[in-house]
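Visitor: here's my sequence, what's the structure:
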Amino acid sequence: MTAITETKLEFAKLGSRIGAEIRGLDLSGDLSESTVAQIRAALNEHKALVFREANILTDEAQVKFASHFGPLTTAHPTVASVEGEANVLPVDSENGSANNWHTDVTFVVNPPQASTLRSIDLPSYGGETLIASSAGAYADLPEELRNFADTLWAIHTNDYDYSVPKNLEHENAEERRKEFTRIKFETAHPVVRVHPLTGERGLFIGGFAQRLRIVGLSNTESRDILRLLQAYVTRPENIVRVNWEPNQLVLFDNRITQHYAPDNYDGQQRKLNRVTIAGEIPVGIDGKASQSIQGDSSTYSVVAPL
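Guide: A predicted model of the protein is given here:
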């Protein structure tokens, strides 16, 4: 297959802090080193990239594209993959909606470095994906609060089902929750994570961060502090709202973003497929690395080199 001609890629910004898009870049072929490097540089700068008319029409093509950026994870530590595609996770409205701010799979010791989503079935309205910059959130913190956040560690666990919240009425909610939590994971991560490529600091929290690791602090007090920090992540200035169309792929940096899928399409079909790229173990501003407390994720993901 002929490699894509090496040209300078022009990404159009979608917001001042996060998001950029490009239309008509064929991602299905053999990408040159220059093209991959330019996409990586754009991802480092914009944190979320939207590829419209990307010509990624199959799971195989999505897996091939994602593989340019590092080894892949399997689909999920507990949830079944697309049949016959070990690296592909179905994100299907039939199984609930991820209408909760989160960063993918932070309950393991080395969450994915980046995620790709590919459009398959789309509703006639709604169904967007919101992506937020946790670097923007960190920069917005008052100095005193930023200094406090720098010292904090949070416990992330999957004993909380972001894709099917307990209060969401869905015909197979209980079944999905049992699948999601069939192996329990707990990991301690720094609340402020340093990005290994850019050196940026971002708030590494989200839906799986359930409590802080502070002796004597109650769960309620922990969650109050996490809610305060989370409010900075979800400020409108830090969010890009990605509208979906056919033949579209989104690539976002899982190390320094959160995302949310609003349930605003009145029960219509919405299906995306997700492929994630293996990540390194996070480190805080003091260089200390995250620590696994419970659960072995080695069959889910290798640890990517720094």
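Visitor: going by C-alpha atoms from here, please, whenever you check contacts or count neighbours.
Guide: Will do.
Visitor: for E21, give me its contacts.
Guide: F11, A12, K13, L14, L49, V50, F51, R52 (C-alpha atoms under 8 Å, 6 or more residues apart in numbering).
Visitor: check which helix or strand covers it.
Guide: strand 20-23 (DSSP states H and E).
Visitor: give me the buried positions along that strand.
Guide: Counting neighbours by 16 or more other C-alpha atoms under 10 Å, one finds that the buried residues in strand 20-23 are A20, E21, I22.
Visitor: shouldn't R255 be within a helix?
Guide: No: counting by DSSP: H, G, I helix; E, B strand; the rest coil, R255 falls outside a helix, being coil.
Visitor: check whether it really touches V192, as I assumed.
Guide: No: using C-alpha atoms under 8 Å as the test, R255 is too far from V192 to be in contact (10.8 Å).
Visitor: please enumerate the shared neighbours of these two.
Guide: What both R255 and V192 touch, as defined by C-alpha under 8 Å, 6+ apart, is the set F204.
Visitor: quick one: secondary structure of the nearest residue to V233 once chain neighbours are set aside?
Guide: Spatially, and ignoring its direct neighbours in sequence, V233 is nearest to A137 (4.6 Å; C-alpha to C-alpha, 6 or more residues apart in numbering). Put simply, A137 is helix when judged by three-state DSSP.
Visitor: dump the residue contacts of A137.
Guide: Neighbour list for A137: G202, L203, Y232, V233, T234, R235, N238 [criterion: C-alpha under 8 Å, 6+ apart].
Visitor: show the pLDDT at it.
Guide: A137 is assigned 98 on the pLDDT scale.
Visitor: repeat that for R177.
Guide: 85.
Visitor: could you do G199 as well?
Guide: So, for G199, pLDDT stands at 98.
Visitor: what's the burial count for it?
Guide: Neighbour count of G199, defined by other C-alpha atoms under 10 Å: 10.
Visitor: wait, is it part of a strand?
Guide: No: secondary structure of G199 (three-state DSSP): coil, not part of a strand.
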